[in-house]
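K.L.:
turn this into a structure:
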Amino acid sequence: MSRTRPLGITLIGSFYVFGSIVLLLSLFVMELSFEKYGIAARFGWPSVPEHLARFLVGAASLVLGYGYLKLKRWGYWLMVAYSIYFVIVSGYLFVLYKEQPFLGNIIWSLIVMVYSYCKRNHFYIKPQQVRAGG
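P.N.:
Have a look, this model is predicted:
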């Protein structure tokens with residue numbers, strides 16, 4: 001089996017990398033005061049300052065997106081752990097508030113978990129099984 005990256009993994013990993021870059025840039029470029037729920041609230045950290053939450057989530061997303069795109073085992077497990085945490089927190093917040101963005105976060109996290117599970121074999125190929133140019 002070659003170690004080619006499926007399109008879905010490329011899309012998911014790219015979304016996380018792009019999102020992390022936008023989040024990190026938002027620390028310097030934009031003031032997103034129009035959001036009803038900031039990043040800190042969406043991640044269940046109401047007492048964490050918004051800028052710190054943006055930095056932590058942006059940095060974590062960049063690392064896990066990179067590992068996921070590079071088909072690293074740790075990237076797979078970080079993505080799964082991140083998605084499980086996010087679906088639990090979003091589920092709890094959806095029960096409390098009954099509104100977006102929490103339902104969308106639940107659906108996205110479930111899609112990522114199910115797809116990642118279905119493609120898990122791409123993360124477990126030994127280096128000697130990788131074909132050059134394939």
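
K.L.:
which secondary element of the protein has the worst mean pLDDT?
P.N.:
Lowest by mean pLDDT, DSSP states H and E among the helices and strands of the chain is helix 39-42, with a mean of 84.

K.L.:
list the helices and strands that one packs on?
P.N.:
With contacts defined as 3 or more C-beta pairs under 8 Å, 6 or more residues apart in numbering; DSSP states H and E, helix 39-42 has these neighbours: helix 50-69, helix 73-97. Just so you know, the C-beta spots here come from the backbone N, C-alpha and C atoms, and that holds for glycine as well.

K.L.:
ok, now with 6 Å
P.N.:
helix 50-69 (3 or more C-beta pairs under 6 Å, 6 or more residues apart in numbering; DSSP states H and E).

K.L.:
how far off helix 73-97 does the helix it packs on point, in degrees?
P.N.:
140 degrees (axes from the mean of the first three to the mean of the last three C-alpha atoms, to 10 degrees).

K.L.:
next, the buried residues of helix 50-69.
P.N.:
Neighbour-count burial for helix 50-69 flags 50, 53-58, 60-69 (criterion: 16 or more other C-beta atoms under 10 Å).

K.L.:
circling back to that earlier point, now the least confident helix or strand of the chain, how far from the chain's geometric center?
P.N.:
14 Å (C-alpha atoms, centre = their mean, to the nearest Å).

K.L.:
do the same with stretch 56-71
P.N.:
7 Å.
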